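Enquirer: fold the following for me, if possible:
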Amino acid sequence: MAATHVNARVQRHREALRMAGLRPVQIWVPDTRRPGFAEECRRQSHLVAEADRADRDMQQWMDDALKDLDGWAN
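Expert: Prediction:
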């Protein structure tokens with residue numbers, strides 16, 4: 001009977017969210033437990049870092065953007 005109570009509570013919660021104008025969305029994300037996941041993250045991170053180092057225009061744009069942030073937060 002406890003499962004029925006939980007199911008009813010979840011259903012009420014979902015109905016309230018729908019009434020608030022929301023809808024459920026299912027997304028698929030990489031399985032971080034999969035063998036090789038960390039190594040693939042490192043590989044891709046290194047590729048991005050190399051591309052960033054090679055892109056002087058992007059680096060200048062980022063530096064300029066950081067200058068614009070002065071005074072936004074205390």
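
Enquirer: which of the three states applies to the residue most central in space within the chain?
Expert: Central residue check for the chain by C-alpha atoms, centre = their mean: the C-alpha nearest the mean position is that of residue 29, 9.7 Å away. Put simply, residue 29 is coil when judged by DSSP: H, G, I helix; E, B strand; the rest coil.

Enquirer: element containing residue 52?
Expert: helix 37-54 (DSSP states H and E).

Enquirer: neighbouring contacts of the helix or strand just after that helix?
Expert: On the C-terminal side of helix 37-54, the closest following helix or strand by DSSP H and E is helix 56-68. Identification of contacts with helix 56-68 by C-beta atoms under 8 Å, 6 or more residues apart in numbering yields residue 52. In this view, the C-beta of every residue, glycine as well, is placed from N, C-alpha and C.

Enquirer: ok now helix 56-68, how far from the chain's centre?
Expert: Its chain's C-alpha centre and that of helix 56-68 lie 23 Å apart, by C-alpha atoms, centre = their mean, to the nearest Å.

Enquirer: dump the C-alpha coordinates for it into PDB.
Expert: The C-alpha coordinates for helix 56-68 follow below in PDB (Å, rounded to 0.1, in the frame of the first residue of the first chain):
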ATOM      1  CA  ARG A  56      44.100  34.100 -30.500                       C
ATOM      2  CA  ASP A  57      41.000  35.900 -31.600                       C
ATOM      3  CA  MET A  58      38.900  33.900 -29.200                       C
ATOM      4  CA  GLN A  59      41.300  34.600 -26.400                       C
ATOM      5  CA  GLN A  60      41.300  38.300 -27.100                       C
ATOM      6  CA  TRP A  61      37.400  38.300 -27.200                       C
ATOM      7  CA  MET A  62      37.300  36.400 -23.800                       C
ATOM      8  CA  ASP A  63      39.800  38.900 -22.300                       C
ATOM      9  CA  ASP A  64      37.700  41.800 -23.500                       C
ATOM     10  CA  ALA A  65      34.500  40.200 -22.200                       C
ATOM     11  CA  LEU A  66      36.100  39.800 -18.700                       C
ATOM     12  CA  LYS A  67      36.900  43.500 -18.700                       C
ATOM     13  CA  ASP A  68      33.200  44.300 -19.200                       C
END
